[in-house]
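S.K.: this one's sequence-less:
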């Protein structure tokens, strides 16, 4: 102990100011790219293009650009060009020896989107997008067309290779960023996929009606998509939704689509929503043209506006069922696209996957609900059709809920026998477990030892039927098997469906003796023969109750078996004069507190999962079970003869 303490003291003594490392410039990005783009996988790689494309889209949304080009080259590099204002190249006031362009490309948290003059809404808010792309690029070239002049500068791994140089004149204006991802960051085999970039460009064009995006890639890299395309959608996101839905039948003949400015503050919302009758729905949301796959406060406001609108309309026409509607009934199967533009949105993380601006829910709900109300009132037939559709969704949901309640209640009623099911209080399967215990005595001990909220108890009377050697009629007539099948609720044989299992775990809890092992083997045989998907899915477990309790003075330790008992006597009780060794006759003989402590408390117990060995064929397992448990005793006798020599401890 003293040696360990001295080592700790030595380690502390060597910790000084020289151990504090300060990362400057863009080095933090190269050291920890996951903090800025979410990792170094394929999704993160393509996020680099999204960052540059978002800057071009910000210029378009701000009204300064109408054309964007996205080009994938043969060498794997990508360029994004816009006809916007061009990144400023004049010296920066704070860094007079550097151009504003170089400051933006080499300094984190720099840009024109922190103040309120250059952009009313933008996707890039943290001032790290372009500098992060520069830091993670093997090479990056920027070309600025400004005031009829063309200026260029090249970078490598975030550092300038050249100074800002004038390269000629041009009648155009705008910015062009060309870069190649650094293989030291993303791996030698990492490369941009044309199909992914094509999809990104197309989706961006849908999000702003005033922009045209030109796509181009080599034909040998096109991966089944056009090598050249022009994206321009005057209808915006409604065009996209109509194209996606195609000729699919809808609950309403028209989409609910439109756009609106917020009644207070700066910002606006665009939306398109349809209620397909056959297709699976989806909800895709954006903020300032940034995809938010995890949703957020804008989706919350959207859902509340639709729900409140349908409830109010139902109340207006006297439909009493409408008051029971939930957001899931109204929007669960819809196909919808939501796009909001905000001045200062708050995102969760640099990759902006979720919008968390607190006031957005209220703004969107109030702005959207007015338009939804007008849409419903203006078309009574459409409104009635939609209300009928969502009410039918409500009725389906209530039927499913009732079916589950009836299933659980009927199982409980049918199992109110001398060895009855004592169910847990949670209705869903998540986090629950059922203990199959040996007899009423063990059940009586297990009941007070359980967690009433999550643990159910089903006592079984004696040894259940050996299903491997029983006829179908005999199995159907067996009460214990019927009780288990009803309690588990997942069906048996070909109808066994683990998704319908009423508990997350099924735990076989028998005495730690030969009889208990026999009962456990009969139960495992039952599950293998009649509910094999439960074993294959890892739902079946064996509890591990102790066989002995060793006590000396105030010290008590539990032993699983004879070998464990001897080991404890030789180690934990070494030299003790008198150790009291108590053998449990069965779980029913254990006090409830001890059963909980040793076998049922999830924080202290040990469970053994029943699995089928992956290296064995299913047919081999079936033959093995038939040899041991089947109706041919001679096979069992042969197995015992062949394996008796390996037995070390025999409990008779």
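M.R.: Perfect, I can see it now. Please read these numbers as outputs of a predicted model, since none were measured by experiment. Residues are numbered from 1 along each chain as shown.
S.K.: the residue nearest to residue 582 when sequence neighbours are not counted in helix, strand or coil?
M.R.: Among residues not flanking residue 582 along the chain, residue 549 sits closest, at 4.6 Å (Cβ to Cβ, 6 or more residues apart in numbering). (Each C-beta comes from the backbone N, C-alpha and C, glycine too.) Residue 549 carries the three-state label strand when classified by DSSP: H, G, I helix; E, B strand; the rest coil.
S.K.: tell me the pLDDT of residue 549.
M.R.: The score at residue 549 is 87. That number is its pLDDT.
S.K.: tell me how far it lies from residue 604.
M.R.: Applying Cβ to Cβ, to the nearest Å, the value for residue 549 to residue 604 is 15 Å.
S.K.: show me the contacts for the residue nearest to residue 582.
M.R.: Each residue near residue 549 by Cβ atoms under 8 Å, 6 or more residues apart in numbering is listed here: 556-559, 581-582, 584, 594.
S.K.: same question, residue 504
M.R.: Contacts here follow Cβ under 8 Å, 6+ apart; on that basis residue 504 touches 429-433, 539.
S.K.: how about residue 311?
M.R.: 322-323, 325.
S.K.: how about 6 Å then?
M.R.: If a contact means Cβ atoms under 6 Å, 6 or more residues apart in numbering, then residue 311 has 322, 325 as its contacts.
S.K.: likewise for residue 191?
M.R.: By Cβ under 6 Å, 6+ apart, residue 191 lies in contact with residue 76.
S.K.: tell me the SS of it?
M.R.: Classified using three-state DSSP, residue 191 is coil.
S.K.: residue 35 versus that one, what's the distance?
M.R.: In terms of Cβ to Cβ, residue 191 sits 24 Å off from residue 35.
S.K.: quick one: low-confidence parts of the stretch 501-650 of the chain?
M.R.: Filtered on pLDDT under 70, the stretch 501-650 of the chain yields the residue ranges 615-650.
S.K.: which stretches of it form helices?
M.R.: With helices called from DSSP state H, counting those that start in this stretch, the stretch 501-650 of the chain shows them at 514-530, 532-536, 562-571, 592-595, 618-629, 633-643.
S.K.: quick one: contacts of stretch 274-282?
M.R.: In contact with stretch 274-282 (Cβ under 6 Å, 6+ apart) are residues 245, 248-251, 255, 333-335, 389.
S.K.: I meant stretch 211-220, not that one.
M.R.: Stretch 211-220 is contacted by residues 60, 67-72, 74, 194, 198, 201, 205, 227-232 when judged by Cβ under 6 Å, 6+ apart.
S.K.: what subset of those residues is buried?
M.R.: 60, 67-72, 194, 198, 201, 205, 227, 229, 231 (16 or more other Cβ atoms under 10 Å).
S.K.: any idea which element residue 456 lies in?
M.R.: Following DSSP states H and E, one finds residue 456 within strand 455-460.
S.K.: could you give the mean pLDDT of stretch 94-113?
M.R.: Rounded mean pLDDT across stretch 94-113 is 76.
S.K.: what does stretch 32-43 give?
M.R.: Stretch 32-43 comes out at a mean pLDDT of 87.
S.K.: list the buried residues of it.
M.R.: 33, 36-38, 40.
S.K.: so of those residues, which ones are in helices?
M.R.: 36-37 (DSSP state H).
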